[in-house]
Each structure stands twice: as C-alpha cells, then as structure tokens.
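Visitor: Next one to model:
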Amino acid sequence: MNKHLNAFERLCSLETLMKAWKSVRSGRVAAGIDQITVAEYTQELESNLISLATKVREGRYYPLPMRTIEIQKSSGGTRTIGICTIEDTILQRAAKDVLEALFEPSFLDCSYGFRPERSVPMAVKQVLDYRASGDLYLIDTDIADCFGSFDHNILLKLFSDRIRDKRFQALIRMWLDTGVALPKSNPNPNNSTSVYDRVSGWLSDSVDNAVSNILNENKFGSYPYYPSESYNIGLSEELNVSPEETRKQARKEALKKLGSSGLLCALTYSNQIRKLMSPLALTLLGTALVSVAVAPTVSNMLRKQFGKDENRLHGIVQGSALSPLLANLYLHEFDVAMIKAKLHLVRFADDFVICCKDKPSAERAMELVVEKLSELRLQLHPQKTRIIRFDEGLEFLGYRFEQFHNTATPIAPKNTSPIVTVLQAAKDHIPPKLNNVRNTVTPIISHYSQQTAQQVKDKAAKLGSIIKRFRKDSD
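Guide: So this is what the prediction gives:
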C-alpha cells in the first residue's frame with residue numbers, strides 16, 4: 001500500500017477493505033438488521049467492496065441501525081451487544097486497522113485490554129511484579145457502565161485532536177449516532193420526559209422540514225456532519241464553514257422563512273382571516289408565529305434552565321469492531337493522569353487496579369481517580385470499589401491472587417451444585433466477630449509466611465551450592 005496515502009484514503013483502498021473482510025469472515029459474524037449473511041455478501045465480494053469504497057469516498061455511505069441482543073454477565077445482569085450489518089462491520093474493521101496503527105504508539109504500557117501483543121496474563125504478571133516490589137495495598141475497582149457512559153462530545157474532541165480529516169470525523173460521528181446510544185435517561189421515574197425535551201422538541205419539529213430544505217440548498221447531504229464537497233482536502237485543511245455553523249445558519253434561515261411567510265400571509269388575508277377565525281383561533285395563530293420567530297432564543301433558555309447534561313449523547317455499543325479502540329482512546333487521558341502521578345496502574349478496558357505502598361497512598365490515589373474520571377464524565381462502580389491489602393485476597397481479570405504467596409491462578413468456572421450453594425450460604429452467615437479475628441490474624445500469618453518462604457529459599461540456595469561443590473569434588 002502507498003505509505004503516502006492519508007488515513008481516509010487508506011480506509012477507502014480495496015486492499016484495506018479486503019484485509020478487513022478476511023478478519024470479518026474468520027470471525028463468523030452474525031447477520032445484521034438487513035439479514036445479509038457472510039455467505040451472501042461473498043457471492044459478489046469484489047463488486048460489493050468496490051461499491052462500499054466508492055460510497056465512502058463520495059460521501060454516500062450511511063450505516064444501518066444495529067441489531068441488539070442481551071447476554072448474561074457472569075457477575076449477574078445483562079449486557080447489550082450490538083450487531084452491525086456485514087458491510088458496516090467490514091468498514092469498521094478497516095477503520096480499526098487504520099486507526100490502530102496511528103494510535104498504538106501513543107498508548108501507555110499500563111493499558112492491556114484489546115491491544116495487539118497484549119493480554120490478560122501480561123496484566124496479571126504486572127500486578128504480581130508490583131506486589132513483589134513492595135506494594136501492599138491496592139485499589140480494586142471498575143468503571144460503572146463504562147461503555148454506556150462515554151460522552152460523545154469528549155470522544156469526538158479526543159478523536160479530532162489526532163485525526164483532523166473531516167471525512168473520518170464524520171464517519172466516527174455517524175457510527176456513534178447510529179448505535180442505540182441515546183440521551184441519558186431521566187433519573188426521576190415519575191417524570192421520564194423533561195420540560196426541555198417536551199418544549200424544545202415541539203419547537204424543533206416545527207422547523208425540521210425547513211432546515212432539511214435549507215441544508216439541501218447549501219449542498220449538504222442528509223447527514224449534516226458529512227460535507228459532500230470536501231473530499232479533495234488534505235489532512236491539515238479546514239472547511240471554510242464548519243458543519244455546525246452551517247446547521248445553525250440553516251435553522252436561523254428556516255425560522256426566518258417560516259415566520260416571514262406566516263406573517264405575510266396573515267397580513268395579506270387579514271380581513272378574510274378575521275371573518276373566518278374566532279378571537280381564540282387568532283390568538284393561537286399569533287402565538288404560534290411569535291413562537292417560531294423566537295424559537296432559537298427560547299430553546300437556548302430552556303436548555304440552560306432544564307437541559308443540564310441530559311441533552312448530551314452518551315455511550316458506544318459493545319460488539320462493534322471499533323468500540324474497543326474508541327474505549328482505549330477515551331480512557332487514555334485517565335492513563336496519562338495516573339502515570340503522571342507516578343501511580344502503579346494496571347488497566348484492562350474498564351477494569352483496573354492501582355497498587356500502592358501503604359493505605360494513605362491508596363487513599364490519595366483514590367481521590368485522584370475519582371477526580372480524573374469525573375472530568376471524563378465517568379464514575380466508579382460503588383459495589384466494586386474498595387481499598388484492600390493483597391493478603392486479603394484479590395480477584396482480577398479472571399485470576400485469583402493468593403493471600404500468602406505472590407502467585408495468581410485462573411479462577412475455575414463457578415460451581416452451582418447444591419452442596420456448594422449451601423456452603424457459600426453458610427460462609428455468608430459467619431458472625432462479624434469471627435471475620436474481625438480473621439482480618440487481624442491474616443496479616444500476621446502473611447508476614448511470617450513470607451519470612452519463612454524467604455528462609456526456605458535461602459536454605460535451598462545454600463544446599464544447592466553444597467551439592468554443586470560435592471559434584472565438582474567427586475569429578
């Protein structure tokens with residue numbers, strides 16, 4: 001492939017798409033919402049890929065909605081998985097291949113999830129190394145609803161800081177908008193729709209058709225962030241008018257047209273209207289015209305007063321080829337802050353631990369974690385967040401870290417037999433006093449076991465040297 005091609009041109013190349021297709025085919029991807037299977041797509045493979053590249057290059061590509069399924073999580077509850085169409089999966093896989101080569105060099109060593117040449121055992125070994133170096137405490141936590149909480153505005157800002165090509169940015173925005181990610185739900189169950197949503201929705205609906213017409217007149221496609229005449233620009237070139245500004249201008253123009261046309265019609269046929277309509281109807285008509293004229297101002301006031309953050313779009317659907325890379329891009333800012341603070345972070349996607357020398361250090365680290373995650377509009381899972389000693393026992397990434405030895409073993413699948421269930425229930429009913437005794441005795445046992453282990457190791461080394469000397473003398 002030509003190394004001088006920019007990221008978007010590499011994405012549209014037949015070579016990149018064919019490589020992505022091979023990955024999709026080997027993964028046995030299920031059919032999406034269009035019900036087109038891998039076998040059906042293969043029948044005219046080259047033609048389909050050429051058509052896909054042409055649509056993307058010319059700005060005529062639009063992804064289809066995802067088909068979603070619910071799967072059971074081992075910890076309980078369900079996880080929503082999105083299934084893209086075969087064509088969307090191919091293009092997202094191609095985008096992942098192109099972007100991964102650009103992003104990977106800047107990602108930090110503390111991140112192990114969904115990255116090439118990195119794995120769960122490597123993350124586990126790093127935790128063991130930190131423990132061996134003298135870290136006794138750790139923060140064990142994960143991020144609550146991590147994938148569902150990613151803020152689109154923050155994610156797109158982080159992406160645009162690295163990839164300046166407007167065409168690639170438009171693709172990412174489309175994929176985010178096409179998923180099942182919606183505005184954050186109202187926490188009040190008795191009032192699921194906010195005042196802002198109801199009123200601004202009515203104002204927006206009243207001018208949607210006019211806005212679409214204005215956008216078409218300005219030669220913008222139906223997707224407002226995908227400029228149809230910008231495909232010859234370079235990576236460093238900017239559009240003369242941003243898509244956001246064009247949409248604002250279009251809405252203002254549409255409102256002017258609606259308001260002026262309504263007023264003109266009312267003035268022209270004022271006598272006939274006065275005879276045909278009642279005073280109440282005239283009042284309602286006048287109110288409607290004034291509402292249209294002041295819609296932008298009213299909408300902004302409502303947004304400030306009632307909207308807060310509920311109008312922001314959140315979340316990326318798990319299951320797409322690109323979502324893990326976007327997650328690592330989003331959480332890279334968190335990695336940078338932790339490493340800059342010289343913390344021993346080990347992160348695998350949204351699951352991470354931070355190893356510390358002592359409890360005060362762990363408490364200070366926890367404060368920094370909460371602060372940095374809040375800047376990214378993320379929160380820790382309250383039931384899965386704790387500060388513990390290594391010798392209290394740790395389960396991380398499917399491994400159980402031994403209390404008294406610096407080793408970790410894979411956790412066997414959960415046994416749900418009746419006898420195990422009974423024993424677990426009995427364990428859960430252990431009196432608190434006994435638990436307090438165990439917590440007091442455990443550190444003492446851990447200290448002496450580590451000391452004994454070191455003595456055994458020293459004696460074994462000494463015995464080995466004696467045996468080696470004996471063999472040498474006997475020869």
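
Visitor: Find me the pLDDT at residue 416, would you?
Guide: Note on residue 416: pLDDT of 57.

Visitor: Please apply the same query to residue 430.
Guide: pLDDT at residue 430 comes out at 68.

Visitor: Test my guess that residue 177 contacts residue 313.
Guide: Yes: between residue 177 and residue 313 there is a contact under C-beta atoms under 8 Å: 7.3 Å. Just so you know, the C-beta spots here come from the backbone N, C-alpha and C atoms, and that holds for glycine as well.

Visitor: So in this structure, where's the weakest helix or strand by average pLDDT?
Guide: Ranked by mean pLDDT, DSSP states H and E, the helix or strand of the chain with the weakest confidence is helix 195-217, at a mean of 42.

Visitor: Let me know the secondary structure of residue 33.
Guide: Counting by DSSP: H, G, I helix; E, B strand; the rest coil, the backbone at residue 33 sits in coil.

Visitor: Quick check: phi and psi on it?
Guide: For residue 33, the backbone dihedrals (degrees, to the nearest 10) come out as phi -70, psi -20.

Visitor: Now do the contacts for it.
Guide: 64-67, 83, 85 (C-beta atoms under 8 Å, 6 or more residues apart in numbering).

Visitor: now swap in residue 382 and tell me
Guide: By C-beta under 8 Å, 6+ apart, the neighbours of residue 382 are residue 144.

Visitor: neighbours around residue 444, how many?
Guide: 10 (other C-beta atoms under 10 Å).

Visitor: same check, this time on residue 60
Guide: The burial count for residue 60: 12, using other C-beta under 10 Å.

Visitor: Please determine how far it is located from residue 52.
Guide: Counting by C-beta to C-beta, to the nearest Å, the gap from residue 60 to residue 52 is 10 Å.

Visitor: now residue 337
Guide: Distance of residue 337 to residue 52, given as C-beta to C-beta: 39 Å.

Visitor: Just the pLDDT for the closest residue to residue 325 other than its chain neighbours.
Guide: Nearest residue to residue 325, sequence neighbours excluded (C-beta to C-beta, 6 or more residues apart in numbering): residue 96, at 5.3 Å. With respect to pLDDT, residue 96 scores 95.

Visitor: Give me the secondary structure label for residue 29.
Guide: Following three-state DSSP, residue 29 is assigned to coil.

Visitor: In this structure it contacts residue 86, no?
Guide: Yes: in this structure residue 29 lies within contact range of residue 86 using C-beta under 8 Å: 6.5 Å.

Visitor: Overlap in contacts, these two.
Guide: Common neighbours of residue 29 and residue 86 (C-beta under 8 Å, 6+ apart) are residue 38.

Visitor: Other residues contacting whichever strand or helix holds residue 346?
Guide: Using DSSP states H and E, residue 346 sits in strand 344-348. For strand 344-348, the external contacting residues (C-beta under 8 Å, 6+ apart) are 110-113, 120, 123, 126-127, 130, 135, 331, 334-335, 338-339, 352-356, 397.

Visitor: out of those, which are buried?
Guide: For the contacts of strand 344-348, a neighbour count by 16 or more other C-beta atoms under 10 Å gives the buried set as 110-113, 123, 126-127, 130, 135, 331, 334-335, 338, 352-356, 397.

Visitor: mind checking the SS state of residue 65?
Guide: Criterion first, three-state DSSP; result for residue 65: coil.

Visitor: I misspoke; the intended subject was residue 409.
Guide: Secondary structure, three-state DSSP: residue 409 is strand.

Visitor: hang on, the earlier thing: pull out the buried positions in whatever helix or strand the residue nearest to residue 325 lives in.
Guide: Following DSSP H and E, one finds residue 96 within helix 86-103. The neighbour-count check on helix 86-103 (16+ other C-beta under 10 Å) flags 86-100, 103 as buried.

Visitor: Give me the next element, helix or strand, following that helix.
Guide: helix 120-132.

Visitor: Can you list the helices and strands that the helix or strand just after that following helix packs against?
Guide: Going down the chain from helix 120-132, the next helix or strand is strand 137-142, by DSSP H and E. In this structure, strand 137-142 packs against strand 351-356, helix 359-375, strand 386-389, strand 394-396, with contacts taken as 3 or more C-beta pairs under 8 Å, 6 or more residues apart in numbering; DSSP states H and E.
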